[in-house]
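> sequence plus predicted model, see below.
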Amino acid sequence: PRKIIIDTDPGQDDAAAIMLALASPAELDVLGLTVVAGNVPLSMTSRNARIVCELAGRPDLPVYEGALKPLERPQVTAEHVHGKTGLDGAVVDEPVMPVKDQHAVDFIIETIRREPAGTVTLCTLGPQTNIALALQKAPDIAPRVRELVMMGGGFFEGGNITPAAEFNIYVDPQASKIVFASGIPIVMLPLDVTHQLLTTKARVARIAAIGSRPAKVMVDWLEFFERFDIEKYGSDGGPLHDPSVIAYLLKPELFSGRDCNVEIETASELTVGMSVIDWWRVTGRKPNAKVLRDVDADGFFALLTERLARL
Ligand code: BDR
Ligand code: CA
């Protein structure tokens, strides 16, 4: 199986991504979860990551706490979407599994140095502060990373936290700028993809039909999470962002896109955090990311449902 580290700020959709990964051990070897401040403060994302591990039957999975706040900008959170805890919507026990003593940034560095070069994939589901800190502290890790697959950004679809910016990049644009300049092969899942992944009633009903405890909790989380976006977008269901990263690793044939140059705006207050994607190759700038734009949404939900049923 492919070795991955999941860097995350759970979040209901992060929870779905983590569960999809943990339900797929034949393809994915999750070396650890690293948590970052994002949807909610770090103490809550750490708690939430452990709730998800326990729910998925993996209290042994190492969870490492990382950055408390973005590199430069003041912290921004998204309780208006995810609720006060970040995982509102379901009644769950407080986690009992411990958090690791080691800092997430040091775990990332150590793991990439220890494992053979070109074997560790980084999955980022939140602001990229931990990855940027690791790259700053240990620039030697960049050429050793196999790939970085991220949920973030948006182009034809616009932004979701400002008209120009998607939340994960908006929260820490300085960090994303470092990531995009790192030379690591990047695969980007922007809002253009995730806004096609709607948790329609029919799709959620198929997850509910699994009948297991993890599936029930997931349905409660999804129904809470989508309420905000249904109102906002007037759609049947909300966009399920973060599991797209894991689904891409499991079934890349569900997605299509192209290699582009991507730069991150950090200066203008109006468009800060914008991912400037040269889709039409109007500049001579070298491609630094594979930007995905389309997805087989039914194929994605079939995969998610089939895997959740294994937990
Ligand atoms: C991203 O922001 C968060 O609210 C979600 O968990 C997802 O990672 C979508 O913009
Ligand atoms: Ca997230």
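On my side now, so go ahead. Ligands and ions are numbered 1, 2, ... in the order given.

> now the worst-scoring helix or strand of the chain on mean pLDDT: buried residues?
In the chain, no helix or strand scores lower on mean pLDDT, DSSP states H and E than helix 213-233, which sits at a mean of 89. Buried residues in helix 213-233, counted by 16 or more other Cβ atoms under 10 Å: 214-215, 217-226, 229-230. Where you see a C-beta, it was placed from the backbone N, CA and C, and this is true even at glycine.

> okay, the residues you listed in TSV with distance to Leu197 next?
Output for the buried residues of helix 213-233, formatted as TSV (distance: Cβ to Cβ, whole Å):
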residue	distance to Leu197
Pro214	19
Ala215	18
Val217	20
Met218	14
Val219	16
Asp220	19
Trp221	15
Leu222	11
Glu223	16
Phe224	17
Phe225	12
Glu226	11
Asp229	11
Ile230	14
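
> which among those residues gets closest to ligand 1?
Nearest to ligand 1 out of the buried residues of helix 213-233 is Phe225 (Cβ to the nearest ligand atom; 8.7 Å).

> which parts of stretch 246-254 are buried?
Residues of stretch 246-254 classed as buried by neighbour count (16+ other Cβ under 10 Å): 246-250, 254.

> how about the residues of the chain by ligand 2?
Within the chain, the positions near ligand 2 by Cβ under 5 Å from the ion are 9, 11, 14, 125-126, 242.

> same for ligand 1: which of those residues are within range?
By Cβ under 6 Å from any ligand atom, the members of those lying near ligand 1 are 11, 14, 125-126, 242.

> out of those, who has the most neighbours?
Per-residue neighbour counts (other Cβ atoms under 10 Å) across those peak at Leu125, which has 33 neighbours.

> any idea which element Val276 lies in?
strand 275-277 (DSSP states H and E).

> who does that strand pair up with?
Looking at strand 275-277 with DSSP bridges, its partner strands are strand 262-264 (antiparallel).

> please report how far the spatially most central residue of the chain lies from Arg281.
Nearest residue to the geometric centre of the chain (Cα atoms, centre = their mean): Leu125, 1.5 Å. Leu125 sits 28 Å away from Arg281, taking Cβ to Cβ, to the nearest Å as the criterion.

> sec struct for Ser256, please.
Following DSSP: H, G, I helix; E, B strand; the rest coil, Ser256 is assigned to strand.

> I'd say it and Leu292 touch.
Yes. Checked against Cβ atoms under 8 Å, the pair Ser256 and Leu292 is within contact range at 6.8 Å.

> higher neighbour count, those two?
The neighbour comparison of Ser256 against Leu292 (other Cβ under 10 Å) goes to Leu292, with 22 against 12.

> contacts only, for the more buried one.
By Cβ atoms under 8 Å, 6 or more residues apart in numbering, the residues touching Leu292 are 187-190, 192-193, 248, 255-257.

> which of the residues you listed sits closest to Arg310?
Nearest to Arg310, judged by Cβ to Cβ, of the contacts of Leu292 is Tyr248 at 19.0 Å.

> and the chain, which of its residues are near ligand 1?
Residues of the chain lying close to ligand 1 by Cβ under 6 Å from any ligand atom are 11, 13-14, 39, 78, 81, 125-126, 151, 160, 166-168, 241-242.

> now, these that are in helices?
13-14, 81, 167-168 (DSSP state H).

> buried among the contacts of Leu292? Make that a PyMOL selection.
To isolate the buried subset of those in PyMOL, counting by 16+ other Cβ under 10 Å, use the following:
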select buried, resi 187+188+189+190+192+193+248+255+257
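
> just the closest residue of the stretch 101-250 of the chain to ligand 1, please.
For the stretch 101-250 of the chain, Cβ to the nearest ligand atom, closest residue to ligand 1: Phe167, 3.7 Å.

> what about that residue, how many residues close to it?
Counted with other Cβ under 10 Å, the neighbours of Phe167 add up to 26.

> so who does the residue lying closest to it once chain neighbours are set aside touch?
Take Phe167 and drop its neighbours on the chain: the residue closest to it by Cβ to Cβ, 6 or more residues apart in numbering is Ile161, 4.5 Å away. Ile161 is in contact with 76, 78, 167, 170, 273, counting by Cβ under 8 Å, 6+ apart.
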